[in-house]
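> Fold the following.
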Amino acid sequence: NVKTDDQLSYTFNAGGKITDNFTGGVLTLTNSGDATEAEFETALKSVTFNNTSDTPDATKRIIEFKVTDQSDVTSTAATDHVTVTPTNDAPVLADVGATLNYTENATATVIDGDITITDVDDDKIESATIQLTTNYVQGEDVLSIAAGDASGVSAVFTAFDGKLVLTANSAGSITKSAFE
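Prediction:
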């Protein structure tokens with residue numbers, strides 16, 4: 001039951017006496033020299049599983065082991081199980097780094113209109129925090145969002161620490177574009 005991005009490999013090749021081929025979810029180890037039964041056993045013990053997907057299928061995998069002797073007689077299959085546990089990947093901000101040249105007493109001005117959010121395993125965002133961290137002057141510097149810019153998002157600015165918190169009015173129901 002191989003899934004996309006599943007990989008099988010091994011680390012012990014008996015000094016090059018054992019070679020491998022991984023195709024269609026099947027790892028075949030072949031005696032290319034005079035590898036002993038003990039060396040093959042060590043190679044089988046070194047088999048590893050890996051899944052490279054950011055959003056892996058969580059279905060339990062069944063790994064079958066079979067060995068074939070010099071007389072071409074194959075053992076019955078012995079099985080191991082692999083449980084894949086997907087994790088929640090953090091969202092990533094990109095296209096950040098603009099410099100706003102703000103003129104004293106000008107109207108509120110967008111700081112960075114190019115920010116993008118990506119999240120490989122979620123298309124909703126619950127909140128965002130924006131904070132003035134350097135040279136913040138309480139009572140003079142204010143962060144806000146324009147009224148129509150983020151429908152479904154509430155904004156709270158705390159003057160004490162120069163922090164603007166944007167929160168989805170319905171947890172997790174706002175698409176990333178509303179926060180961008």
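
> For the rest of this, base every contact and every neighbour count on C-alpha atoms.
Will do.

> Now do the contacts for the residue of the chain most remote from its centre.
Distance from the centre of the chain peaks at S71, with 46.2 Å (CA atoms, centre = their mean). S71 makes contact with no residue, according to CA atoms under 8 Å, 6 or more residues apart in numbering.

> tell me which element it is part of?
Following DSSP states H and E, one finds S71 outside all helices and strands.

> Now K45. Its backbone dihedrals?
Phi and psi for K45, reported as degrees, to the nearest 10, are phi -70, psi -20.

> roughly how far apart are it and E37?
12 Å (CA to CA, to the nearest Å).

> Equivalent analysis for D6, please.
D6 is 27 Å from E37, by CA to CA.

> more crowded one of the two?
More neighbours surround D6 than the other of D6 and E37, with 17 against 10 (other CA atoms under 10 Å).

> any idea how far the residue nearest to that one when sequence neighbours are not counted lies from N1?
Take D6 and drop its neighbours on the chain: the residue closest to it by CA to CA, 6 or more residues apart in numbering is N51, 4.4 Å away. Distance, N51 to N1, by CA to CA: 13 Å.

> out of these two, which sits in the more crowded spot?
Taking neighbours as other CA under 10 Å, N51 and N1 compare with N51 leading, 15 against 9.

> can I assume that one is in contact with G25?
No - using CA atoms under 8 Å as the test, N51 is too far from G25 to be in contact (11.5 Å).

> Between these two, which contacts overlap?
Common neighbours of N51 and G25 (criterion: CA under 8 Å, 6+ apart): D6, Q7.

> Let me see the contact set for the closest residue to L132 other than its chain neighbours.
Once flanking residues are discounted, L132 sits nearest to G162: 5.2 Å by CA to CA, 6+ apart. Contacts for G162 (CA under 8 Å, 6+ apart) come out as Q131, L132, T133, Y136, Q138, D141, V142, L143.
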